[in-house]
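1. Curious how this folds, go ahead:
(chains A and B)
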There are 2 protein chains.
Amino acid sequence: MASSSSLTLSQAVLAGSIPRHGSSNPHLPSVSFPTFSALKSTPSTTTTAASRRRSPSVPAAGRRQAQVLASAAVETLEKTGTALVEKSINTIRFLAVDAVEKANSGHPGLPMGCAPMGHILYDEVMKYNPKNPYWFNRDRFVLSAGHGCMLQYALLHLAGYDSVKEEDLKQFRQWGSKTPGHPENFETPGVEVTTGPLGQGIANAVGLALAEKHLAARYNKPDAEIVDHYTYAILGDGCQMEGVSNEVCSLAGHWGLGKLIAFYDDNHISIDGDTEIAFTESVELRFEALGWHVIWVKNGNTGYDEIRAAIKEAKAVKDKPTLIKVTTTIGYGSPNKANSYSVHGSALGAKEVEATRQNLGWPYEPFHVPEDVKKHWSRHVPVGAAYEAEWNAKFAEYEKKYPEEAAELKSLITGELPAGWEKALPAYTPESPADATRNLSQQNLNALVKVLPGLLGGSADLASSNMTLLKMFGDFQKKTPEERNVRFGVREHGMGSICNGIALHSPGLLPYCATFFVFTDYMRAAIRISALSEAGVIYVMTHDSIGLGEDGPTHQPIEHLASFRAMPNILMLRPADGNETAGSYKVAVLNRKRPSILALSRQKLPQLAGTSIEGVAKGGYIISDNSSGNKPDVILIGTGSELEIAAKAADELRKEGKAVRVVSLVSWELFDEQSAEYKESVFPAAVTARVSIEAGSTFGWEKIVGPKGKAIGIDRFGASAPAGKIYKELGITAEAVVAAAKSVS
Amino acid sequence: MASSSSLTLSQAVLAGSIPRHGSSNPHLPSVSFPTFSALKSTPSTTTTAASRRRSPSVPAAGRRQAQVLASAAVETLEKTGTALVEKSINTIRFLAVDAVEKANSGHPGLPMGCAPMGHILYDEVMKYNPKNPYWFNRDRFVLSAGHGCMLQYALLHLAGYDSVKEEDLKQFRQWGSKTPGHPENFETPGVEVTTGPLGQGIANAVGLALAEKHLAARYNKPDAEIVDHYTYAILGDGCQMEGVSNEVCSLAGHWGLGKLIAFYDDNHISIDGDTEIAFTESVELRFEALGWHVIWVKNGNTGYDEIRAAIKEAKAVKDKPTLIKVTTTIGYGSPNKANSYSVHGSALGAKEVEATRQNLGWPYEPFHVPEDVKKHWSRHVPVGAAYEAEWNAKFAEYEKKYPEEAAELKSLITGELPAGWEKALPAYTPESPADATRNLSQQNLNALVKVLPGLLGGSADLASSNMTLLKMFGDFQKKTPEERNVRFGVREHGMGSICNGIALHSPGLLPYCATFFVFTDYMRAAIRISALSEAGVIYVMTHDSIGLGEDGPTHQPIEHLASFRAMPNILMLRPADGNETAGSYKVAVLNRKRPSILALSRQKLPQLAGTSIEGVAKGGYIISDNSSGNKPDVILIGTGSELEIAAKAADELRKEGKAVRVVSLVSWELFDEQSAEYKESVFPAAVTARVSIEAGSTFGWEKIVGPKGKAIGIDRFGASAPAGKIYKELGITAEAVVAAAKSVS
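-> Have a look, this model is predicted:
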């Protein structure tokens, strides 16, 4: 049983390829380790933390073995002299230097400066299992300063992750490698999120820490702390300057995310030179203002004990996140380039590599890991397996005592949706009352949250406009982290990137977030990372056109539909009524590796005949047709709030004897994926008389209407006036569709 | 002379319609005002500030008249009892309440709470000329919390601006009115910038203050402070939460923008309720961390003297911007809705309007301005005229002493470009060395800065990658504000919105800003405001495709070209070589009311035969053709770095005897504006064999290539590898073009 849960709980695509580490599992790798006395009383942080996490009520065989292994880790650490630590740190530095040199591309400066904190985190502090990077209860690490990715690749390599072998390091930044130019979760198991665009990483880390706090509050029991990990991040000056980092750190302070520990690599250098030229604020004071605990490690280059002490202190502060400002020298060790921008983003060059080797006393060949360093790190494979085994044993106990909670948590860990969840989706008929799709969206969210334990989210201070409140839940707050309404404040960018972190914490978490559609402009960088990093966030974007009326052109999206239709791996959905809203939610929930944007109306819309949940799944479908033989006189195409207009125009034209087909093109991406046959059944090549109507840019519509068709839309900014007036003035009317249909057919 | 400069200097479209206020101008409006003794020694802030600004060396007749008028202002103020002040403040409140009520839409809460600071600013502190909203040396005011725009409309109305008459207030939020739902500079003279999307306004204000500091440093003389104004802003909790505000306020502190004074309307309420639910940081401490002077006015509702004292203190701090936190009650005066979210964004309703009238003792009809209030405010027309007259006289003196500086400053004020400036653009031949367009861009910037006194700008910490340094200038910094290289740090969003402020400060200022093209995602909200608010910012966006290589998909734009082609009122330019880069700069400089984005390559590109500056102006043009009679066998279309590939493919096809036309489609928007005849000469309708190639999304290309053509592009995310490898793997090659050309022709 425990063995099978452990497999299920491996959260992973990788499940098949990793060894099982259950308490009764005979395949537990055999490891030799020294005898020791550490369990008696060891003052080390690691031991303390490990002991704290041990539940007194899980005395299984596997747990004992785990104790032994974990304690072995402590022992090894205690025996590790500073010389070996320094050698390990230099190994990290040179793996980075050598990989960047071989690629002749990359950023050696950060790994050279941050190697000490990297070493301490991965070798002494963090709990993870290298052979199962998806083990649920692992500590999370995010390199927010993603350009320094060779730091993380070197650490994953030393720790024994299969994703970063020596040959992968040698393929740094090459086509098809596991070691791309910035950390990408979808390429490299062991990398939690995708970073590089600055500030995203720390924001994702806030999302990861939120997820931990939320799940811990929901599933931990007085006798079973089943969810319990830290989230670590390293961010640089660049991340600090980005507005998004201030947004999310303000929230992290507000939420009291005590298990978030962020290292600020204070190296005074950015690409343009000394940070003095653009960045002279007091970061410490700002973080205090944001409600963080702040520690300053003045010697980040060799002050290993200072770093260790800071982490210990950070862990002791449980009601606030901690920023550890670590003053380092960028490119530490390079005699001629350290502490200058030239070491930030280019290979050192053969001569300087040699000089650095001399300077740090490094006699080895490129990519060499000295035997003692290798041996030292080798314990992480058995120790990590033991951590997971210990946790699996704990989970097995938990499952016995709390079967319902365990089953639910398991579904969050594996991402398996509850059977029949889609039956919760509301259904509508043409007789159902007219309503704004934002309201219909709220009906869907509130129906779904009853059956989807992973659904949580909120709005950027527009909950009452976006209609996103989950009525059966309270607010996720510092003291009520088990609740599911997240209050993001007016922080769209932070909201999106926090949701990416939540989505990538556990496959079964389904974060949604909301604002006015036009303000996707504020969070576009986060949305793109959702798409790239396969984070299935649901973007609930209301007030999706000039239909919002009086707020005017600053608030009226025009180009936004087109701009997302052009973005890879994202679904742009614009439902027209209740059935299509339900259909859009169905698509969004099912697409766990592809985010969805729902564009929803502020204004009331009728429930149309012919719309359906199934139709939405196809992206485009016929909602009404009085033609025969797949030969309508004209095809009218609408999306969202304009589908009603297309339907009205069709009624007019049919009165005049025309054979008219009306197509809802709710998602271009889904329609593109349909068979050629299906597409021909909707848009027969022979029928070139086509008119589209959408209250947005016509950009891209030529693909649908063709050169002989006509696209009715808005290729200018909107205006401030009541919605009906703007529709009329800008020609988004049934009359315009009728006239266009006559002109093309 | 002075009269004619004053006209020229009116910076304006409006120039023809406003009275001239020169020292020798007989049309100076006749005004009566009481005799007074204020000049002797008046402790009032206003007088002090006014006296400080008076240059001892401008004793012209106009100056004396101005003194008289300005002092009359002081006198009036001194005679104004608190009762009248309160009446004026209530007038502002009820104009807002009544306008929102009539529109049944809008945000009464902020105007009701901020009326006191609004009154003090517009009635007691700011220098402006209501009859010439474009007077150069006016104090600038930005309502960053733009939803509260009725505050500003009420103030403009009382102050005597022609843009906001009583009938305009009654047309609040209606089609075609001067009083749209958020402040829009292009609709309402007197509104400096376009706000509403939160955080943009304070960012624009930083740009306005930067422009003032820069111009003052360049043009002021020990005996002539010709540039000298303050920039005021009101921002709310929402603005404070947005990351962009932290970015720009960090820069404002870094730059020591002492004449920027921002009021933080601390009312504890946002749309979702009490700010306690999402915003518990210490704003004061954060601003201290950012290097601001911070003052707290605890009673913003009735503490008029506190507000006045704070402004005085703020003005006394010259090396730091000041944040005045003003604690107010949102919806002050409404007995049942004040201090609640319900007053934030909806009309009060007839009953509550009545209750508020009762509560504040307001017996008047809607939109009524009591006579004494009207009389009190009436002085601003003559006083404003006098301010301008005084300044014009000062400028006339300045012009005599410093004719060169005066001529240059005048060109910045009017926006007139120096004759023949475009001759500075570099020219290239096919023999010129191959180069990256980012480098060619730098040649253009450095050539243009010699002839365009208004050109200034910089990069978001990528100057050495974007190639944007102006070599003949140093850095704009606190102590060297006369320089023109602006160091924005890693703050793309702040950078874009600061540039909007710079552009809208004076028509002749030509701000440019730079980052990697993909990071337009971070600043898209600012770019959209450029387009909407007609701020002719030049966006220098390098590393514009997979051609950037190893940094990988987080750094490789795909959908970005399409996303901007769909945005209204912006030019998306993607030059292919030196001539096209020069042509793009020519277009960008000429388009002062339409921003331009230049997408530039990281990689080296050859100088192509057939490209030209003139061609770029048409958006699309033929660079080579071996067909005759406008009947090529196939048309190959490329942009930017792929134009070379199209040209190579054409060579191949021509070797095989094909008649091939190659078209550069450098700007879709400019091409769209050409005559039908010209378009037919480039893309004859009869020639349906068309192949396009562009290293980006194919979204939208159907319009160009038609249903029988083929668009070669990238509809997925990129990858980390050397650029050449990615091009090959993703099929962006001449071979692919040749094959496609054969398949379609």
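
2. Name the residues that touch stretch A:607-615?
-> A:425, A:427-435, A:576-580, A:582-583, A:586, A:621-624, A:643-644, A:647, A:662, A:664, A:666 (CB atoms under 8 Å, 6 or more residues apart in numbering or on different chains). Backbone N, C-alpha and C define where each C-beta goes, glycine included.

3. Just the buried residues of those residues.
-> A:425, A:428, A:435, A:576-580, A:582-583, A:586, A:621-624, A:643-644, A:647, A:662, A:664, A:666 (16 or more other CB atoms under 10 Å in any protein chain shown).

4. So which of those residues sit within helices?
-> A:578-580, A:582-583, A:586, A:643-644, A:647 (DSSP state H).

5. quick check, nearest of the residues you listed to chain B?
-> Nearest to chain B, judged by CB to the nearest CB, of those is A:Leu643 at 20.8 Å.

6. what's near enough to touch the closest residue to that closest one other than its chain neighbours?
-> Nearest non-adjacent residue to A:Leu643, counting by CB to CB, 6 or more residues apart in numbering or on different chains: A:Ala576, 3.7 Å away. Counting by CB under 8 Å, 6+ apart, A:Ala576 touches A:437, A:605, A:608, A:611, A:638-641, A:643-644, A:664, A:666.

7. closest to chain B among those?
-> For those, the minimum distance to chain B (CB to the nearest CB) is 15.0 Å, reached by A:Thr639.

8. Tell me, how many residues neighbour the nearest residue to the closest one once chain neighbours are set aside?
-> Leaving aside its sequence neighbours, A:Thr639 sits nearest to A:Arg574 (CB to CB, 6+ apart; 4.4 Å). Counted by other CB atoms under 10 Å in any protein chain shown, the residues lying close to A:Arg574 total 32.

9. Where does the residue most central in space within chain A sit, in terms of helix or strand?
-> What sits nearest the mean C-alpha location of chain A, by CA atoms, centre = their mean, is A:Asn500, with 2.3 Å. Assigning secondary structure by DSSP states H and E places A:Asn500 in helix A:492-505.

10. Between helix B:492-505 and that helix, find me the angle.
-> 160 degrees (axes from the mean of the first three to the mean of the last three CA atoms, to 10 degrees).

11. How far off centre is helix A:492-505?
-> Put simply, helix A:492-505 sits 5 Å off its chain's centre (CA atoms, centre = their mean, to the nearest Å).

12. near chain B, anything from that helix?
-> Yes. Using CB under 8 Å from any CB of the partner chain, helix A:492-505 comes into contact with chain B via A:492-494.

13. now for that helix, which elements pack on it?
-> Applying 3 or more CB pairs under 8 Å, 6 or more residues apart in numbering or on different chains; DSSP states H and E, one finds that helix A:492-505 contacts helix A:200-219, helix A:243-255, strand A:455-459, strand A:510-516, helix A:524-532.

14. For chain A, which residue gets nearest to chain B?
-> In chain A, the residue that lies nearest chain B is A:Gly243 (2.3 Å; CB to the nearest CB).

15. From B:Ile529, how far out is the closest residue to that residue other than its chain neighbours?
-> Counting by CB to CB, 6+ apart, B:Gly243 is the residue found nearest to A:Gly243 once chain neighbours are left out, at 2.3 Å. From B:Gly243 over to B:Ile529 the distance is 16 Å, taken as CB to CB, to the nearest Å.

16. lowest confidence element among the helices and strands of chain A?
-> Within chain A, confidence by mean pLDDT, DSSP states H and E is lowest for helix A:45-53 among all helices and strands, at a mean of 35.

17. The closest residue to A:Gly207 other than its chain neighbours - how many residues pack around it?
-> Leaving aside its sequence neighbours, A:Gly207 sits nearest to A:Gly501 (CB to CB, 6+ apart; 2.0 Å). The number of residues packed near A:Gly501 is 30, by other CB under 10 Å.

18. For A:Gly501, give me its contacts.
-> A:193, A:203-211.

19. Which one (most neighbours) among those?
-> Ranking the contacts of A:Gly501 using other CB under 10 Å puts A:Ala203 first, with 38 neighbours.

20. just the angle between the helix holding A:Asn500 and helix A:200-219, please?
-> 60 degrees.

21. what about helix A:492-505, average pLDDT?
-> For helix A:492-505, the mean per-residue pLDDT is 98.

22. Kindly report the same for stretch A:314-333.
-> 98.

23. So is it next to chain B?
-> No. Stretch A:314-333 is not in contact with chain B by CB under 8 Å from any CB; minimum separation 11.9 Å.

24. Extract the C-alpha set from that stretch and format it as CSV.
-> What follows is stretch A:314-333, C-alpha atoms only, in CSV (Å, rounded to 0.1, in the frame of the first residue of the first chain):
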residue,chain,number,x,y,z
ALA,A,314,15.4,33.0,9.2
LYS,A,315,13.9,29.6,10.1
ALA,A,316,13.4,30.8,13.6
VAL,A,317,11.2,33.7,12.4
LYS,A,318,8.0,31.9,11.6
ASP,A,319,5.6,34.8,11.0
LYS,A,320,7.5,36.7,8.4
PRO,A,321,9.4,35.9,5.2
THR,A,322,13.1,36.6,5.5
LEU,A,323,15.4,38.4,3.1
ILE,A,324,19.0,37.5,3.6
LYS,A,325,21.1,40.2,1.9
VAL,A,326,24.3,38.5,1.0
THR,A,327,27.1,40.9,-0.1
THR,A,328,29.1,39.0,-2.7
THR,A,329,31.7,39.7,-5.3
ILE,A,330,30.4,39.0,-8.8
GLY,A,331,32.9,36.7,-10.6
TYR,A,332,34.6,35.9,-7.3
GLY,A,333,38.0,34.4,-8.1
